[in-house]
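Chemist: Pasting the sequence and the predicted coordinates here, then a few questions.
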Amino acid sequence: MSHRPIMLGIVGDSAAGKTTLTKGIAQVLGPENVTVICTDDYHRYDRRQRAEIGITALHPDCNYLDIMQQHLSLLRTGQPILKPIYSHKTGTFEPPQYIKPSKFVIVEGLLGYSTRGARDSFDVKVYLAPPESLRAQWKIKRDTQKRGYTAEQVKAELEKREPDSEQFIRPQRQWADVVVSFYPPSDGSDQGNGHLNVRLVLRPTIPHPDFTQILDIISSHPHPAIRLDLDRDMNKPVDVLEVDGHATSEQVDELEKIICNDMPPHLSHFCSRESNPELGKVAGTTGETIQSYPLAMTQLLITYHMLKATQVYQSITI
Ligand SMILES: Nc1ncnc2c1ncn2[C@@H]1O[C@H](COP(=O)(O)OP(=O)(O)OP(=O)(O)O)[C@@H](O)[C@H]1O
Ligand SMILES: O=C(CO)[C@H](O)[C@H](O)COP(=O)(O)O
């Protein structure tokens, strides 16, 4: 039995919510058990060079994808890497960092599924696809508050990046086991980020919990806050699980039970909102912390897949 790390990919465009999703999953698995890698560190050019050349950070030529792929393969076999570091604060590179993978490795970034070798490194592949208007809002807020840009600069950058987003980022959706889209409710009841709904596209590429049980619970309700449907995504049949931002704690408990009942007893303590208060935490519009049930359930489902993968590939005791 091998003892290699379990590898999770979280891919999506800039400010699609990768770091936010990663945080809760890493908390549940225990920060000491998780190595988080951001593939922005594999940019080939610093911020000034990119502006001079006229290339965006989304273009494959703007990244050392060959080195990224090598490093992912090394991490998958439990070996250390000397990882470059790109600082979003300064827009330049810092001295590389020695990284030895923990039991779980989460790799988040823009181009993680862009090569076959990189894709093959992951046990679980997630793609984040919020509506573009919501992503723009998130990016403007984040880049003005944390990365020193003005709102006008971020809007101009988004426009400049759109062709590369279309050509190189969005097609990666096809490789994901789970596609995650947070979206505002259509009735405008979103008073802040915590009330966003989530739509989870579940591809049959990995075995999901048996969510059909939810149908018994919701069939009696005229406007269920948790829904399961059959649909097509990129022309292929998929299950779609939706959780509304206004779902109640009791309704979310039912979903949690479905996910957690399928866990072996020695791993079940990872699987509850009660013992993991960090699940679903997100910064609201004015910087306050909000608890989002749709985010918590998304993080729990992805954690479930990581723990299930340990059963397949490892005899793990954590
Ligand atoms: N599920 C969510 N609910 C509400 N707000 C969110 C959610 N996910 C992300 N955000 C908002 O979007 C901002 C950007 O998210 P985040 O930093 O997670 O994106 P990212 O994909 O890691 O970005 P980048 O790749 O550019 O570093 C956050 O600061 C937060 O305000
Ligand atoms: O798309 C991004 C992912 O985070 C960044 O914008 C990209 O990494 C370039 O960084 P910066 O905006 O700091 O120049």
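Modeler: Everything's here; your move. Ligands and ions are numbered 1, 2, ... in the order given.
Chemist: For whichever residue of the stretch 1-150 of the chain sits closest to ligand 2, which three-state class applies?
Modeler: Distances from the stretch 1-150 of the chain to ligand 2, computed as C-beta to the nearest ligand atom, single out residue 14 as the nearest residue at 3.2 Å. C-beta coordinates here come from the backbone N, C-alpha and C atoms, glycine included. In terms of secondary structure, residue 14 is coil; the call rests on DSSP: H, G, I helix; E, B strand; the rest coil.
Chemist: For the residue nearest to it when sequence neighbours are not counted, give its distance to residue 291.
Modeler: If the residues on either side of it in the chain are set aside, residue 14 comes closest to residue 139, at 5.9 Å by C-beta to C-beta, 6 or more residues apart in numbering. Here the distance between residue 139 and residue 291 works out to 23 Å (C-beta to C-beta, to the nearest Å).
Chemist: ok, now which ones touch residue 135?
Modeler: By C-beta atoms under 8 Å, 6 or more residues apart in numbering, the residues touching residue 135 are 13-16.
Chemist: can the one helix or strand it maps to be found next to ligand 1?
Modeler: For residue 135, the element it lies in under DSSP states H and E is helix 132-146. Yes - in terms of C-beta under 6 Å from any ligand atom, part of helix 132-146 sits within range of ligand 1, namely 138, 141-142.
Chemist: Which of those residues sits closest to ligand 1?
Modeler: For ligand 1, the closest of those turns out to be residue 138, at 3.1 Å, with distances computed as C-beta to the nearest ligand atom.
Chemist: residues contacting the closest one?
Modeler: Contact criterion C-beta under 8 Å, 6+ apart gives 15-17, 130 as the residues in contact with residue 138.
Chemist: Please enumerate the helices of the stretch 201-318 of the chain.
Modeler: Remark: helices assigned in the stretch 201-318 of the chain by DSSP state H, counting those that start in this stretch are 213-218, 249-260, 293-313.
Chemist: ok, the closest residue in space to residue 301 that isn't next to it in sequence to residue 28 distance?
Modeler: Setting aside the residues directly before and after it, residue 301 is nearest to residue 259 in space (C-beta to C-beta, 6+ apart), at 6.0 Å. Taking C-beta to C-beta as the measure, residue 259 falls 12 Å from residue 28.
Chemist: With residue 81 instead?
Modeler: According to C-beta to C-beta, residue 81 stands 25 Å off from residue 28.
Chemist: which of the two has more neighbours?
Modeler: More neighbours surround residue 28 than the other of residue 81 and residue 28, with 27 against 20 (other C-beta atoms under 10 Å).
Chemist: Can you give me the buried ones in the one helix or strand the more buried one maps to?
Modeler: For residue 28, the host element (DSSP H and E) is helix 18-29. Taking 16 or more other C-beta atoms under 10 Å as the neighbour-count basis, helix 18-29 is seen to contain the buried residues 18, 20-29.
Chemist: Export these as a markdown table, with columns for pLDDT.
Modeler: As requested, the buried residues of helix 18-29 are exported to a markdown table (pLDDT from 0 to 100):
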| residue | pLDDT |
| --- | --- |
| 18 | 98 |
| 20 | 96 |
| 21 | 97 |
| 22 | 97 |
| 23 | 95 |
| 24 | 94 |
| 25 | 96 |
| 26 | 96 |
| 27 | 93 |
| 28 | 91 |
| 29 | 93 |
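Chemist: which of the residues you listed come close to ligand 1?
Modeler: Near ligand 1, judged by C-beta under 6 Å from any ligand atom, the entries from these are 18, 20.
Chemist: from the buried residues of helix 18-29, which is closest to residue 161?
Modeler: Of all the buried residues of helix 18-29, the one sitting nearest residue 161 is residue 18; the distance, using C-beta to C-beta, is 15.9 Å.
Chemist: Go ahead and confirm that closest one touches residue 25.
Modeler: No - taking C-beta atoms under 8 Å as the definition, residue 18 is not a contact partner of residue 25, at 10.9 Å.
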